[in-house]
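> could you work out the structure for the sequence below:
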Amino acid sequence: MNALVTGASGFTGSHLVRYLVATGWRVRALTRPGADLRPLAGLDVEHAHLDLGDDRPADDVVAGIDVVFHVAALYRTEGVPRRRFWQVNVGGTRKLLEAATRAGVGRFVHVSTVGVQGHIRRPPATEEAPFGPGDHYQESKRDAEILAREHFARTGLAGVVIRPTAIYGPGDTRFLKLFRLIDRGRFLMLGRGDRLYHMVYVDDLVRGLAIAGVHPGAVGEVFTIGGAEYVTLNDLVRRISAVLGRPVPRLRVPVAPVRAMGLLCEVACRPLRIDPPLHRRRVDFFTKDRAFDIRKARRLLGYEPTVSLDEGLARAAAWYRERGWLC
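Residues are numbered from 1 along each chain as shown. As a prediction, this is how the structure comes out:
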């Protein structure tokens, strides 16, 4: 089987490439021009380059491909115009879908995000829960997912939508700040810490993606891929403290004043095009429930997470320590 993996040098993309190569796939790794290719070092893959946000067609990169795994996306980045999210996340998806249809690609796996559903009012959410994106990134991913699903229905392209929960593991730096704050005894819990959070270890996710690329029951469906359990923020912090061998942080502060400070930081930093030290969306981590039901993926795909949350957090911590990022 010939696979195209977009965003191949990123965290999830590089893990997926490694998994596919290890299980016998021939992989074309698509990255943006000038991307850091070190995550793909030593892998027997074909390299291709394309800026998903420009007008260049994607026909060359999908030629001869059996399954497209569309992982690439413009993630939350300060100082980036709002329209750029739609150029990359929606426009890039459109040109890949159109090229895949012209090329007769057998399967298109579109990687969305549970962020398209936003705050979950009645957790855990199934795939049928309504959309509720909370920022430009999530809004653009919602629109890209809708575009993909409509394209599948209109053209007959065999497509699947995967919504991962919060992805973590070796290679990720998104959760490094949380680990560091706990490691250095500087973590502050905003609010009561009773909101729910759902993570997925990257190895479990890429297995789920690979299954979606071949399973006959996946076509035309949307699946949430997550870990075996979701936990409160209090429990997550306790478990990270345990793998780090640190005391559980006890300090708490109210949410409202911190959110106000986040707004002030955003307003002050926006004209300077610098990343604010505090965002309102970081406050959202403490105020929104994000727990999801993965029974559909278990039932239709036979997906089963194999890495427990405690084991995954320990592996992530070990990777951070190897790089000298923890005390």
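> how many residues are close by the closest residue to residue 252 other than its chain neighbours?
Spatial nearest neighbour of residue 252, chain neighbours left out: residue 189 (4.6 Å); criterion: CB to CB, 6 or more residues apart in numbering. Where C-beta positions appear, they are placed from N, C-alpha and C, glycine not excepted. Residues lying near residue 189 (other CB atoms under 10 Å) number 16.
> do residue 194 as well
Count around residue 194 with other CB under 10 Å applied: 11.
> residue 107 versus that one, what's the distance?
The spacing between residue 194 and residue 107, counted by CB to CB, to the nearest Å, is 41 Å.
> ditto for residue 135
Counting by CB to CB - residue 135 and residue 107 are separated by 30 Å.
> so these two - more neighbours on which side?
residue 107 (22 against 17).
> and the more buried one, what is it in contact with?
66, 67, 68, 158, 159, 160, 213, 214, 219 (CB atoms under 8 Å, 6 or more residues apart in numbering).
> how close does it get to residue 21?
18 Å.
> still on that earlier bit, for the residue nearest to residue 252, phi and psi?
When read as degrees, to the nearest 10, the backbone of residue 189 gives phi -80, psi 130.
> and for stretch 5-13, what's in contact with it?
In contact with stretch 5-13 (CB under 8 Å, 6+ apart) are residues 14, 16-17, 20, 27-31, 35-40, 45, 52, 68-73, 96, 111, 164, 167, 171-174, 202, 205-206.
> residue boundaries of the helices in the stretch 1-150 of the chain?
Using DSSP state H, counting those that start in this stretch, the helices found in the stretch 1-150 of the chain span residues 11-22, 59-62, 82-85, 92-103, 136-155.
> and the ones you listed, which one's lowest on average pLDDT?
Looking over those, mean pLDDT reaches its minimum on helix 82-85, with a mean of 91.
> what residues of it count as buried?
Neighbour counts over helix 82-85 (16 or more other CB atoms under 10 Å) mark residue 85 as buried.
> and it, how far out from the chain middle?
18 Å (CA atoms, centre = their mean, to the nearest Å).
> for it, packing partners?
helix 136-155 (3 or more CB pairs under 8 Å, 6 or more residues apart in numbering; DSSP states H and E).
> what sits up against the helix it packs on?
For helix 136-155, contacts defined as CB under 8 Å, 6+ apart pick out 73-76, 82, 85-86, 88-90, 93-94, 97-98, 101, 108, 110, 112-113, 115-116, 118, 131, 133, 157-159, 161, 163, 220, 222.
> weed out the non-buried ones from these.
So, by 16+ other CB under 10 Å, the buried ones in these are 73-75, 85-86, 88-90, 93, 97-98, 101, 108, 110, 112-113, 115-116, 118, 133, 157-159, 161, 163, 222.
> show me what residue 222 is bridged to.
Judged by DSSP bridges, the bridge partners of residue 222 are residue 161.
> show me the contacts for it.
Counting by CB under 8 Å, 6+ apart, residue 222 has contacts 112, 127, 145, 149, 160, 161, 162, 163.
> how close does the first one sit to residue 196?
For residue 112, the distance to residue 196 equals 20 Å [CB to CB].
> wait, residue 196 sits on residue 125?
No - counting by CB atoms under 8 Å, residue 196 stays clear of residue 125, with 10.2 Å between them.
> quick one, which of these two is more surrounded?
Set residue 196 next to residue 125 and count neighbours by other CB under 10 Å: residue 125 wins out with 23 against 18.
> next, count neighbours for the closest residue to the more buried one other than its chain neighbours.
Closest residue in space to residue 125, ignoring its immediate chain neighbours: residue 292 at 5.3 Å, by CB to CB, 6+ apart. Residue 292: 26 surrounding residues under other CB under 10 Å.
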